[in-house]
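>>> Let me see the structure of the following:
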Amino acid sequence: MSVAAATEQGILRRYASDQLVTLAKVVVESAFQPIVEAGTGAIFGYESLMRGQERIGFESPIEILDEAERIGQLLPLEQMIASRALAKFLTLANRTTATLFLNLDVRLIAKGEELLDGLLQHLKNAGIAPSSICFELSERFDNSKVPEFAALVAKMRKSGFKLAVDDFGVGHGEMKLLCDHAIDYLKIDRYFIADIDANARKRHLLKNVVNIAHVLGTRVVAEGIETEAEFLVCRDFGVDLVQGWFIARPTTLVNELKPSFPHLRDLGKPKVNHQALDEILIRKQIEMLPTVNENDNIDSVFELFRRNPRQSFFPVVSADNEPRGIIPEYHLKEYIYQPFGRELLKNKAYARAISHFIEKAPIVSLDSGADRLLEIFANMEGSSCLIVTENMRYAGIVSAASLLKVINEKQLKVAQDQNPLTSLPGNRAIGEFMQAAVRDGDATRHFCYCDFDNFKPFNDAYGFHLGDHAISLFASLMRRYFFADHHFLGHVGGDDFFIGVTGSTACELRGLVDRLLEDFHTGVFALYSQQDRVAGRIKGHDRSGAEVFFPLMRCSIGVLELPRGLVIDDISRVGTAIAGIKAKAKESNSGVVFHPIGDAH
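Numbering: from 1, shown residues only. Just a heads-up that it's a prediction; the model follows:
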């Protein structure tokens, strides 16, 4: 900035400070940035961002807010900004189903009730539920030092507003907020999202933050996504909502806001996407309990419990069918069994709405695996159920008994998928292992495709019994050399096998492969007759039926290497690479070929 420009800006700011709110009304606008469902591309809501403050000498929204605080005008400025944002929000066609995210400056907490009361009146006049508004709690200042904070948060929740922790990871006391209050959304700061596809430490952190949040019934928003690779990692790790320039930039023009981003749904996914076994099993066990709308009256809840005397809780949803938690019967019993308790609850002066009785419950997406559900249950304490969602909306609940049925049925399906001769997992399990491995770049991965050469002539000459013996021998040797937790063994079918290895070097793997093949070739050699062993070949028929000589059987192994940090979403790319490497292995003298995925042809 030039000296002249800086001087001009300083004059503007000095003048603006005397008339800050008046001038802000003329120049400040609300820009909306879409917040989108990661799995579907559907619009979930919008964050309201301040624009135009530079026209009166303030480079950023933070600067004008700091100046307003200094001169004692922060409350009227925030009231004006919130009113502008709400007015724009009310012009949207999806206003009854979308959520408006508003930033709340911590310095306003002492006067927060005044701000809330004004918004509640605006919402009432417009016929919009308070659950359409989510306050983002700014962590730029330590809110734990503000004595009125807990009371304000309690009022927000009881009024029906949603709550989000903004810039999670770089502010003050975010974990304390999660422990002390029922938070609806956790917004991961851009710092942890930037280049996450190439940073294993960030991926570990994100994965664990998502797990913690979901156990607490909190949704996760990834802020500042700027690349497709960042988006894909966030989606794969269970992030619920995404926001950033890769999806859409903020705009002050309502007609520039898209109704949805359907291309995100299929981004990075194979063209043919078969429904996962876990999802099929979970769907069978979902219980569709009736729900309570958070805006219903208390009488409707009593009626629901009366009609369902064996039910001890019901899920609570917002106006757009997003789960808010559960309402347990025991919260109401203290009123039911008191004289005039029910009348007290319905008394407008006492003001006890459904939102007063909501308890948070773990929330998990339907497309999460059975193991993920089991992990959440293992970390739960005192919760009655898991709330299951589909496309962020209530889909039902899963109890502990239902989850046990899912796990037992999955184990049965897995057992059925095992090869009866070798008892190794079959193609379904192999596919699931590969799908998970290619999307987790935290370590080097090797996919080994094992295929017997000249197996058919041996099988034809010596019979199925010895053919099966050779197959069983190879499976036994695989188990001998590949037994660690980071090893996966599978039987593709016939004389084709698969070995998946995570975290080993190519040198370490080559040593195991060489020993496996040496023992296998020694064992197979002994299955031939003395005459064939001496000749080093056997007579058989080729595909056209002509009689020819074939070399003795051996096993070829093509090894595809995926380096650490590489994340792949198109599994067909891996299949094509393996096919090329397998052919090269058969042509090689050693029968073993190692190739990085980018060098497979």
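>>> any weak-confidence spans in the chain?
Scanning the chain with the threshold set as pLDDT under 70 gives 1-18, 139-145, 171-174, 269-276, 334-353, 381-382, 599-601.
>>> so how far is V567 from F231?
F231 sits 12 Å away from V567, going by Cβ to Cβ, to the nearest Å. To be clear about C-beta, it is placed using only N, CA and C from the backbone, and glycine gets the same treatment.
>>> More neighbours: these two, which one.
In this view F231 and V567 are compared by other Cβ atoms under 10 Å, and F231 has more residues nearby, 25 against 19.
>>> my guess is that one meets Q243, correct?
No - using Cβ atoms under 8 Å, F231 is not in contact with Q243, being 10.5 Å away.
>>> quick one: secondary structure of the residue with the largest distance to the centre of the chain?
The outermost residue of the chain, judged against the average C-alpha position, is Q531 (61.4 Å), by Cα atoms, centre = their mean. Here Q531 is helix, with the state taken from DSSP: H, G, I helix; E, B strand; the rest coil.
>>> what about the helices in the stretch 251-400 of the chain?
263-266, 277-285, 298-307, 329-336, 341-346, 370-379, 400-417 (DSSP state H, counting those that start in this stretch).
>>> tell me which strands and helices the second one is in contact with?
Helix 277-285 makes packing contacts with helix 370-379, helix 400-417 when contacts are defined by 3 or more Cβ pairs under 8 Å, 6 or more residues apart in numbering; DSSP states H and E.
>>> Please identify the most buried of these.
helix 370-379 (a mean of 16; mean count of other Cβ atoms under 10 Å).
>>> before we move on, back to that, for F231 and Q243, list the residues in contact with both.
I225 (Cβ atoms under 8 Å, 6 or more residues apart in numbering).
>>> returning to what we had before: can I get the helices and strands packed on helix 277-285 in CSV including distance to V221?
As requested, the helices and strands packed on helix 277-285 are exported to CSV (distance: least, Cβ to Cβ, whole Å):
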stretch, distance to V221
helix 370-379, 19
helix 400-417, 27
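>>> Which among those helices is found nearest to G72?
Across the helices and strands packed on helix 277-285, G72 has its closest neighbour in helix 370-379 (46.7 Å, Cβ to Cβ).
>>> Mind listing residues that contact the closest one?
211, 214-215, 238, 278, 281-282, 362, 364, 386, 398, 400, 403, 406-407, 410.
>>> Output it in CSV, but only the C-alpha positions, please.
This file holds the C-alpha atoms of helix 370-379, laid out as CSV (Å, rounded to 0.1, in the frame of the first residue of the first chain):
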residue,chain,number,x,y,z
ALA,A,370,-20.4,-52.1,10.7
ASP,A,371,-16.9,-52.0,12.4
ARG,A,372,-17.3,-48.2,12.6
LEU,A,373,-20.6,-48.6,14.3
LEU,A,374,-19.1,-51.1,16.7
GLU,A,375,-16.3,-48.8,17.5
ILE,A,376,-18.7,-46.0,18.4
PHE,A,377,-20.7,-48.3,20.6
ALA,A,378,-17.5,-49.3,22.4
ASN,A,379,-16.8,-45.7,23.1
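>>> quick one: that helix to helix 400-417, angle?
For helix 370-379 against helix 400-417, the angle by axes from the mean of the first three to the mean of the last three Cα atoms, to 10 degrees is 150 degrees.
>>> Just give me how far helix 370-379 sits from the chain centre.
Distance of helix 370-379 from its chain centroid, counting by Cα atoms, centre = their mean, to the nearest Å, is 14 Å.
>>> which one's the longest helix in the protein?
helix 506-525 (DSSP state H).
>>> and that helix, what does it pack onto?
strand 445-453, helix 464-481, strand 554-562, strand 592-596.
>>> Any chance of these in TSV with mean neighbour count and distance to G540 as columns?
Below are these laid out as TSV (neighbours: other Cβ atoms under 10 Å; distance: least, Cβ to Cβ, whole Å):
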stretch	mean neighbour count	distance to G540
strand 445-453	23	13
helix 464-481	16	13
strand 554-562	23	15
strand 592-596	18	25
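>>> can these go into a markdown table with extra columns for distance to D296?
Below are these laid out as a markdown table (distance: least, Cβ to Cβ, whole Å):
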| stretch | distance to D296 |
| --- | --- |
| strand 445-453 | 51 |
| helix 464-481 | 59 |
| strand 554-562 | 52 |
| strand 592-596 | 59 |
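>>> how about the residue most central in space within the chain, what does it touch?
Central residue of the chain (Cα atoms, centre = their mean): G238, 0.8 Å from the mean position. By Cβ under 8 Å, 6+ apart, the contact set of G238 is 207, 210-211, 214, 220, 365, 368, 372.
>>> Show me what T99 bridges to in the sheet.
Beta bridges link T99 to G45, judged by DSSP bridges.
>>> thinking G112 is in contact with L152, fair?
Yes - with contacts counted by Cβ under 8 Å, G112 reaches L152, the gap being 4.3 Å.
>>> Identify the contacts common to the two.
With Cβ under 8 Å, 6+ apart as the test, G112 and L152 reach no residue in common.
>>> can you list contacts of stretch 282-293?
300-301, 304, 308, 311, 314-319, 321, 327, 354, 366, 370, 373, 388, 394-399, 402-403, 405-406, 409.
>>> in that stretch, what counts as buried?
282, 285-286, 289, 291-293 (16 or more other Cβ atoms under 10 Å).
>>> How far off centre is that stretch?
That offset, for stretch 282-293, works out to 21 Å (Cα atoms, centre = their mean).
>>> Against F525, how distant is the residue farthest from the centre of the chain?
Distance from Q531 to F525, by Cβ to Cβ: 13 Å.
>>> Same check on C385?
Distance of C385 to F525, given as Cβ to Cβ: 60 Å.
>>> now swap in D278 and tell me
44 Å.
>>> more crowded one of these two?
D278 (21 against 14).
>>> I figured that one was touching K413, is that so?
No - using Cβ under 8 Å, D278 is not in contact with K413, being 9.8 Å away.
>>> list the buried ones in stretch 124-142?
Buried residues in stretch 124-142 (16+ other Cβ under 10 Å): 128-140.
>>> need these in CSV with secondary structure and distance to V513, can you?
Shown next, in CSV, are the buried residues of stretch 124-142 (DSSP: H, G, I helix; E, B strand; the rest coil; distance: Cβ to Cβ, whole Å):
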residue, secondary structure, distance to V513
I128, coil, 64
A129, coil, 62
P130, helix, 63
S131, helix, 58
S132, helix, 60
I133, strand, 60
C134, strand, 54
F135, strand, 58
E136, strand, 54
L137, strand, 55
S138, coil, 56
E139, coil, 52
R140, coil, 55
